[in-house]
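Trainee: just a sequence and a predicted model for now, questions to come.
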Amino acid sequence: MASCREALGWIGFVRTCDTPERLPGATGYRWSMMDMHTDDPSQLAVSGLVRTPDRYNLETLARLGDNREGADSVVPVRRVIDAAGPAESATHVTALSADGSYSASIPLGEAVSKGEIHINETAGDPLPIRLLVPGGMTLCWNVKGLGRLRVTEGPEPDSLPEVLTH
């Protein structure tokens, strides 16, 4: 688990418990490639080529979402990616399971236009955060137990099979 105080690369700021601080002598502005990590399945970390990496718990995600009666809360991926401030050079988002066993590198345009983060707040659900990409190129872009969204320039290696079967 990442510490509360995390450097944001060349950007000249440090996040201290969600409060940005200007570093002494910092000049210029550059995007963070820090890879925030969480192995807690009830949290989602957003990192990579973004201005403001962040971490969301279930309650915060549910507040961002569209609550559907009798169903999961649904947060459009666009909301969390836009809040993070992706770099102009960003082309993909890699969705990783919280336990690190699965990843899918998705074109950024597809992820923000079609992607949905589903939050199941039912007590005891071991995998409460899921990524669904309805109408995406493959069902393999759907990630159970989502723990990280990492914005990148170009695709990253992922867990998808070479030949997509669905």
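Mentor: Happy to help now that I have it. Residues are numbered from 1 along each chain as shown.

Trainee: what's the end-to-end length of stretch 93-107?
Mentor: 6 Å (Cα to Cα, to the nearest Å).

Trainee: immediately after the one helix or strand Ala45 maps to, which helix or strand?
Mentor: Assigned by DSSP states H and E, Ala45 belongs to strand 43-48. Going down the chain from strand 43-48, the next helix or strand is strand 54-57, by DSSP H and E.

Trainee: and the next helix-or-strand element following that following strand, which residues are buried?
Mentor: Next helix or strand after strand 54-57 toward the C-terminus (DSSP H and E): helix 58-64. Within helix 58-64, the residues that qualify as buried are Leu58, Thr60, Leu61, Ala62, Leu64, counting by 16 or more other Cβ atoms under 10 Å. Just so you know, the C-beta spots here come from the backbone N, C-alpha and C atoms, and that holds for glycine as well.

Trainee: with stretch 103-120 instead?
Mentor: Those would be 103-106, 108, 110-112, 114-120, for stretch 103-120 by 16+ other Cβ under 10 Å.

Trainee: from the residues you listed, which land in helices?
Mentor: Among the buried residues of stretch 103-120, the members found in helices (DSSP state H) are Leu108, Glu110, Ala111, Val112, Lys114.

Trainee: just those now: which is nearest Leu96?
Mentor: Ala111 (13.0 Å; Cβ to Cβ).

Trainee: so that closest one sits against Val77, correct?
Mentor: Yes - counting by Cβ atoms under 8 Å, Ala111 touches Val77, with 5.1 Å between them.

Trainee: mutual contacts of these two, please.
Mentor: Val93 (Cβ atoms under 8 Å, 6 or more residues apart in numbering).

Trainee: and Ser101, that one's in a helix?
Mentor: No - assignment of Ser101 by DSSP: H, G, I helix; E, B strand; the rest coil gives coil, placing it outside any helix.

Trainee: look up how far Pro53 lies from it.
Mentor: 22 Å (Cβ to Cβ, to the nearest Å).

Trainee: neighbour count winner among the two?
Mentor: Taking other Cβ atoms under 10 Å, Ser101 and Pro53 do not tie; Pro53 has more neighbours (24 against 9).

Trainee: that concludes my questions; thank you for your assistance.
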